[in-house]
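*Asks:* I'll drop the sequence and a predicted model, then ask my questions.
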Amino acid sequence: MLDYKINDDITLRMFNVEDAEALFQLTMESKPYLREWLGWLDYIESVEDSKQNIEGRIKGLIETGGFPKSFALMYKGVLAGTIGFNEIDRGIKCGTIGYWLGQNFQGKGIMSQALETIIEYGFCDLNLNKIEIRVATENLKSRALPERFGFKEEGVIRDAEWLYDRYVDHVVYGLLRNEWVR
């Protein structure tokens, strides 16, 4: 899946270096909103930082045998966020999904539709047996997504992430291929 049109408004596609400016702008516009749950935002200080992030995503194609791990989430032709696999363990066929959406794109059902597509991609194209999502325990909005798609709560990792001034615990959700309902 290099380009996938979910519907008339939503498309997932591979990032390219020309997306660096749009990714940087979206990150900066949404930074105060995203900062509550994403610990990497202070490392993005310039368009060049976003470009390096995208270049790293492109290099990740080698790891997956040519399958992209992460995607630009486009809404009506505009970059709205990103979704994909932060990690893929080929040995146990398990992938961990990460996602974020710009503040101005919230509440439109965009991420739900994108997540459904990425789950299918993980099981069908990447041949995964398990997909995980790890979310800060208090991030109720983000936790609602895996719960809606039938992921099972598998446990909590204490002090899993440092967010600027505090540690947060992560709840781990898992979905096995044989549990997945299309």
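*Replies:* The structure has been received and is ready for your questions. Given the structure is predicted, the values throughout are model-derived calculations rather than measurements. Numbering: from 1, shown residues only.
*Asks:* can you list contacts of stretch 166-180?
*Replies:* 37, 119, 123, 128-138, 143, 146-147, 149-161 (C-beta atoms under 8 Å, 6 or more residues apart in numbering). Heads up, the C-betas are built off the backbone N, CA and C, glycines and all.
*Asks:* again, only using 6 Å
*Replies:* Stretch 166-180 has contacts (C-beta atoms under 6 Å, 6 or more residues apart in numbering) with 123, 129-137, 146, 151-161.
*Asks:* quick one: buried residues of it?
*Replies:* Buried residues in stretch 166-180, defined by neighbour count with 16 or more other C-beta atoms under 10 Å: Val168, His170, Val171, Val172, Tyr173, Gly174, Leu175, Trp180.
*Asks:* sorry, back to before: among the contacts of stretch 166-180, which ones are buried?
*Replies:* For these, a burial check counting by 16+ other C-beta under 10 Å picks out Phe123, Lys130, Ile131, Glu132, Ile133, Arg134, Val135, Ala136, Pro146, Phe151, Ala160, Glu161.
*Asks:* For stretch 98-114, C-alpha coordinates in PDB please.
*Replies:* Backbone C-alpha positions of stretch 98-114 (Å, rounded to 0.1, in the frame of the first residue of the first chain) are rendered in PDB as follows:
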ATOM      1  CA  GLY A  98       1.300   5.100  16.500                       C
ATOM      2  CA  TYR A  99      -0.800   8.000  15.400                       C
ATOM      3  CA  TRP A 100      -1.500  11.700  15.800                       C
ATOM      4  CA  LEU A 101      -3.900  14.200  14.200                       C
ATOM      5  CA  GLY A 102      -3.600  17.900  14.000                       C
ATOM      6  CA  GLN A 103      -5.900  19.800  16.300                       C
ATOM      7  CA  ASN A 104      -8.000  21.400  13.600                       C
ATOM      8  CA  PHE A 105      -8.800  17.900  12.200                       C
ATOM      9  CA  GLN A 106     -10.200  16.400  15.400                       C
ATOM     10  CA  GLY A 107     -13.800  15.200  15.600                       C
ATOM     11  CA  LYS A 108     -14.300  14.300  11.900                       C
ATOM     12  CA  GLY A 109     -13.800  10.500  12.200                       C
ATOM     13  CA  ILE A 110     -10.500  10.700  10.200                       C
ATOM     14  CA  MET A 111      -8.400   8.700  12.600                       C
ATOM     15  CA  SER A 112     -11.000   6.000  13.100                       C
ATOM     16  CA  GLN A 113     -11.100   5.400   9.300                       C
ATOM     17  CA  ALA A 114      -7.300   5.600   9.000                       C
END
